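[1] Kindly return the folded structure for what I paste below:
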Amino acid sequence: MTFERVVRPAGPFSLALSTKHASDATRHLRDGTLTTTLRIGDDVEVGSVRQTVDGRVVLRAQSEEGVEKLRFLTAVDADHTEFLRRFARDPLIGETTVQFQGMRQLRLPTVAQTLLRAFCGQLIDSRRARQLECIIVRAATPKVDGTDLHAPPTSATFARFAPARLRQLGLHARRAAGLVRICRSFELERLHELTTDKAAHFIERERGLGPWSAGVVCLEGLGRYERGLVGDLTLIKLMSRLRGRWVEGHETAELLAPYGEWAGLASLYLAMGFTNGLIPLPEDRPVRFRTALA
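    The predicted structure is shown next:
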């Protein structure tokens with residue numbers, strides 16, 4: 001049985017803009033349709049999302065719970081009109097809010113997958129980080145019948161792993177040990193029950209994790225906008241260009257501070273604006289970038 005719901009997004013929303021680089025081991029984007037595996041309790045099902053020419057969003061899943069999960073994953077109800085209004089004339093992201101106003105952060109099916117992404121994302125090469133995440137998810141979870149997609153990993157998935165096995169798959173030994181340790185001691189879906197500050201503090205106090213990892217989990221796992229991606233390499237490059245010198249990761253907190261409770265979404269718009277040449281930069285001397293931890 002298939003359940004279908006057609007919804008009008010709250011505020012400006014573009015599925016195309018929100019799903020750039022969305023494909024991974026648990027979901028793919030083909031011909032404008034996002035297909036993803038979903039965790040509904042102990043069950044796994046498949047859902048799909050597409051947007052019609054009039055802006056409505058068609059959600060299809062195998063249960064009502066699956067449809068509701070799709071609403072969360074695609075952020076169709078996360079109206080960011082206030083963000084667009086408040087920062088329309090912002091010197092850094094103003095132009096990006098105009099050209100990419102329908103962009104929102106796509107969320108992952110489970111918090112455990114987001115934590116894995118945070119550990120993998122500490123690699124400097126973002127493409128390699130995504131490849132590593134896919135390798136681990138495919139090794140850790142089965143394919144869902146009738147698809148080439150894998151089930152979303154849970155805390156229990158990684159709790160069953162030996163750190164040495166994750167190391168064999170390519171994850172650094174310290175990060176592998178950290179992922180297994182956290183998943184054996186805590187059910188990560190419970191972070192949904194905590195305030196953003198408490199959830200971020202939980203992540204930051206773990207060895208091998210910090211503000212950037214907390215931002216990833218809050219933004220992509222919990223759907224919270226209050227925590228920015230402090231230390232993100234793209235933001236480091238942007239701020240270095242603005243300052244005319246290489247900045248350290250922690251300094252990007254200053255870059256995000258003006259956006260307050262919208263710092264997470266601002267991280268997305270700053271990165272998009274920078275990579276698309278929409279942020280005014282000094283015409284100056286090039287900054288010599290060096291390797292830094294994300």
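[2] helices or strands up against the longest helix along the chain?
    Using DSSP state H to define each element, the chain has its longest helix at helix 126-140. Packing contacts for helix 126-140, counted by 3 or more C-beta pairs under 8 Å, 6 or more residues apart in numbering; DSSP states H and E, involve helix 111-120, helix 163-169. (C-beta placed from N, C-alpha, C; glycine too.)
[3] bridging residues for the closest residue to Ser23 other than its chain neighbours?
    Distance criterion C-beta to C-beta, 6 or more residues apart in numbering; nearest residue to Ser23, sequence neighbours excluded, is Leu29 at 5.5 Å. Partner residues in beta bridges with Leu29, using DSSP bridges, are Leu34.
[4] pLDDT score assigned to Leu29?
    pLDDT, Leu29: 96.
[5] rewinding a little: if you compare the helices and strands packed on helix 126-140, which one is most tucked away?
    helix 111-120 (a mean of 25; mean count of other C-beta atoms under 10 Å).
[6] Mind giving me the packing neighbours of it?
    Against helix 111-120 (3+ C-beta pairs under 8 Å, 6+ apart) you get helix 126-140, helix 155-159, helix 173-185, helix 211-216.
[7] again, only using 10 Å
    Helix 111-120 sits against helix 126-140, helix 155-159, helix 173-185, helix 196-204, helix 211-216, with contacts defined as 3 or more C-beta pairs under 10 Å, 6 or more residues apart in numbering; DSSP states H and E.
[8] could you dump those to TSV with mean neighbour count?
    Listed next are the helices and strands packed on helix 111-120 as TSV, based on neighbours: other C-beta atoms under 10 Å:
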stretch	mean neighbour count
helix 126-140	18
helix 155-159	19
helix 173-185	18
helix 196-204	17
helix 211-216	25
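[9] ok so, going back, and the longest helix of the chain, how far from the chain's centre?
    14 Å (C-alpha atoms, centre = their mean, to the nearest Å).
[10] List of residues touching that helix?
    Helix 126-140 has contacts (C-beta atoms under 10 Å, 6 or more residues apart in numbering) with 21, 23-26, 108, 112-113, 116-123, 125, 149-154, 157-158, 160-161, 165-166, 168-172, 176, 179, 232-234, 294.
[11] Extract the CA atoms of that helix and return them as CSV.
    Extracted C-alpha coordinates of helix 126-140, given in CSV (Å, rounded to 0.1, in the frame of the first residue of the first chain):
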residue,chain,number,x,y,z
SER,A,126,34.7,16.6,1.2
ARG,A,127,34.3,14.2,-1.7
ARG,A,128,36.4,11.6,0.0
ALA,A,129,34.4,12.1,3.2
ARG,A,130,31.1,11.4,1.4
GLN,A,131,32.6,8.3,-0.2
LEU,A,132,33.7,7.0,3.1
GLU,A,133,30.3,7.6,4.7
CYS,A,134,28.7,5.6,1.8
ILE,A,135,31.2,2.8,2.1
ILE,A,136,30.5,2.4,5.9
VAL,A,137,26.7,2.6,5.6
ARG,A,138,26.7,0.0,2.8
ALA,A,139,28.9,-2.3,4.9
ALA,A,140,26.8,-1.8,8.0
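[12] so where's the stretch 1-150 of the chain uncertain?
    Within the stretch 1-150 of the chain, the stretches with pLDDT under 70 are 124.
[13] can you pull the contacts of the residue nearest the centre of the chain?
    Closest to where the C-alpha atoms of the chain average out (C-alpha atoms, centre = their mean) is Glu220, at 3.5 Å. For Glu220, the contact set (C-beta under 10 Å, 6+ apart) comprises Leu73, Gln105, Leu106, Arg107, Leu108, Val111, Gln113, Thr114, Leu115, Arg117, Ala118, Gly264.
[14] number of nearby residues for the second one?
    Read it as Gln105. Residues within reach of Gln105, counting by other C-beta atoms under 10 Å, total 17.
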